[in-house]
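Engineer: Requesting a structural model of the entry that follows:
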Amino acid sequence: MKVGTDGVLLGAWAKLPESGRLLDIGTGSGLIALMAAQRCHSLVVTGIDIDSEAVAQARENVASSPFASRIAIIQSSLQDFTPASFDAIVCNPPFFEESLLPPDINRSNARHTNSLPFSELVSRSASLLSPNGLLNVILPTTALPQFTSLCEQRSLRTIRLCHVHTTASKPPKRTLATFCKCPAVDAPQLVTDELVLQDGPHRSPAYSKLTADFYLR
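Structural biologist: Numbers count the residues shown, from 1 in each chain. Here you go, the predicted structure:
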């Protein structure tokens, strides 16, 4: 699974601490881990992935970047990963729960919840986050209610949402979401926004502004 729009959106939009420890779950090529390190100069990033080829690719990309000293890539499932706590987590999770599995097993594991069900992602994230830690994800908009319900059960409160439209005339297909590990009474007020990706054949001004620091001109 190479660079895609979902990963770019999450890497640019995620709410991150300026310093501390960040975990990128299912790092793939290392895209979001690299974007986080670029955005926050004192952030220490760990990326994990179950696929050996993805880990090799991510390590190569990290080694070729200016951020190599602050990013570690580890081959591990989330279920088997038990380090110290993190101040923030980012994840572009597998989400095609009901679609036909693709024949390639690596692509299947990367895109489907058979390797990481939402329930396990939420429960493990809640246990790994420090108090007031942040979980950032991008999901199909139709999956947001289920995911939010699981988060609420683990004291992960929704504090930011951004509904992503391909064009202005189409309903949102993806939603970016930030959850905070905190009691309900301490949760910041929810902020909701919309983002349109395309303006005719080109990227919309809002999408271009959000991702300007990451695309080559």
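
Engineer: Now do the contacts for the spatially most central residue of the chain.
Structural biologist: With distances taken as C-alpha atoms, centre = their mean, residue 91 lies nearest the centre of the chain, 2.8 Å away. Contact analysis of residue 91 by C-beta atoms under 8 Å, 6 or more residues apart in numbering lists 24, 25, 26, 121, 125, 135, 136, 137. Quick note: C-beta positions are derived from backbone N, CA and C, even for glycine.

Engineer: now swap in residue 19 and tell me
Structural biologist: 40, 42, 43.

Engineer: hmm, which of those are the buried ones?
Structural biologist: In these, burial by neighbour count holds for 40, 43, counting by 16 or more other C-beta atoms under 10 Å.

Engineer: which among the contacts of residue 91 end up buried?
Structural biologist: 24, 25, 26, 121, 125, 135, 136, 137.

Engineer: Pretty sure the fifth one sits in a strand.
Structural biologist: So that's residue 125. No - using DSSP: H, G, I helix; E, B strand; the rest coil, the secondary structure at residue 125 is helix, not a strand.

Engineer: In this structure it contacts residue 136, no?
Structural biologist: No - in this structure, residue 125 is not within contact of residue 136 by C-beta atoms under 8 Å, at 10.1 Å.

Engineer: Mutual contacts of those two, please.
Structural biologist: Common contacts of residue 125 and residue 136 (C-beta under 8 Å, 6+ apart): 89, 91.

Engineer: could I get the buried ones among the contacts of residue 91 as a markdown table with pLDDT, secondary structure and distance to residue 168?
Structural biologist: Shown next, in a markdown table, are the buried ones among the contacts of residue 91 (pLDDT from 0 to 100; DSSP: H, G, I helix; E, B strand; the rest coil; distance: C-beta to C-beta, whole Å):
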| residue | pLDDT | secondary structure | distance to residue 168 |
| --- | --- | --- | --- |
| 24 | 98 | strand | 31 |
| 25 | 97 | strand | 32 |
| 26 | 95 | coil | 31 |
| 121 | 96 | helix | 31 |
| 125 | 96 | helix | 33 |
| 135 | 98 | strand | 29 |
| 136 | 98 | strand | 25 |
| 137 | 98 | strand | 24 |
